[in-house]
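*Asks:* Requesting a structural model of the entry that follows:
(one chain, ligands or ions: 2)
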Amino acid sequence: MSAVFTGRCLCGAVTYRCGPPVLAPSLCHCESCRRASGAHAVAWATVARDSFTVLRGSVRPFKSSPPVVRQFCQQCGTPLTYSNESWPDTIDITIATLDQPDALKPLEHIWMEDALSWDRPADGLPQFPRGR
Ligand SMILES: [Zn+2]
Ligand SMILES: [Zn+2]
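*Replies:* Ligands and ions are numbered 1, 2, ... in the order given. This is a model prediction of the structure:
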C-alpha cells in the first residue's frame, strides 16, 4: 500500500495529502454523515492527524456536533474530513475524494442503526449498530 495518498474536492480548489490508514476503513451510515454528504453512506479512512496536509485551497470547518469538526471545500462544499476532539491523534478522510479511491476498500459498516430502510448492504462485510 502506498505510504502517501492525495485527494481533492469536486472543484479542485482544495488538494490534500495524507498518510495510510491506521484503522480498517469503514462505511458510515450515521445520520450526520448522511446529511453532511447528501449520500446514504460515507466511506472513511482514519489516518494520523499530523499526516493530513491541505496542499492548496482552504477548507471550511463546521462543528457538526460538539466534539466533532467536519471540513468542507470552501468553494464547492465537498466533504473532506471528520475529526473528533476525543481522538486528537487521528482524522478521518472521505475515501471518495482520494485520487486513489480504489486503493482503500471499506472493511466494515458502522452505525447501521441509522441506515435507511433501503440501505441494506449485502456485501458480506461486518455490520455494527454503532461505531467501533
Ligand atoms: Zn472545491
Ligand atoms: Zn457517520
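
*Asks:* State the distance from residue 37 to residue 78.
*Replies:* 9 Å (Cβ to Cβ, to the nearest Å). The way it works is simple: take the backbone N, C-alpha and C, and place the C-beta from them, glycine included.

*Asks:* More neighbours: those two, which one.
*Replies:* Neighbour comparison, residue 37 and residue 78: the larger count goes to residue 78, with 21 against 18 (by other Cβ atoms under 10 Å).

*Asks:* who touches both of residue 37 and residue 78?
*Replies:* Common neighbours of residue 37 and residue 78, counting by Cβ atoms under 8 Å, 6 or more residues apart in numbering, are residue 94.

*Asks:* Strands of the chain, start to end?
*Replies:* With strands called from DSSP state E, the chain shows them at 5-8, 15-18, 26-28, 42-48, 53-56, 59-65, 68-73, 79-84, 90-94, 108-110.

*Asks:* how about these in CSV, adding mean neighbour count, distance to ligand 2 and mean pLDDT?
*Replies:* Output for these, formatted as CSV (neighbours: other Cβ atoms under 10 Å; distance: least, Cβ to the ion, whole Å; pLDDT from 0 to 100):
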stretch, mean neighbour count, distance to ligand 2, mean pLDDT
strand 5-8, 20, 18, 98
strand 15-18, 19, 18, 98
strand 26-28, 25, 3, 98
strand 42-48, 21, 6, 98
strand 53-56, 12, 22, 98
strand 59-65, 13, 9, 91
strand 68-73, 19, 9, 97
strand 79-84, 21, 7, 97
strand 90-94, 23, 9, 98
strand 108-110, 20, 7, 98
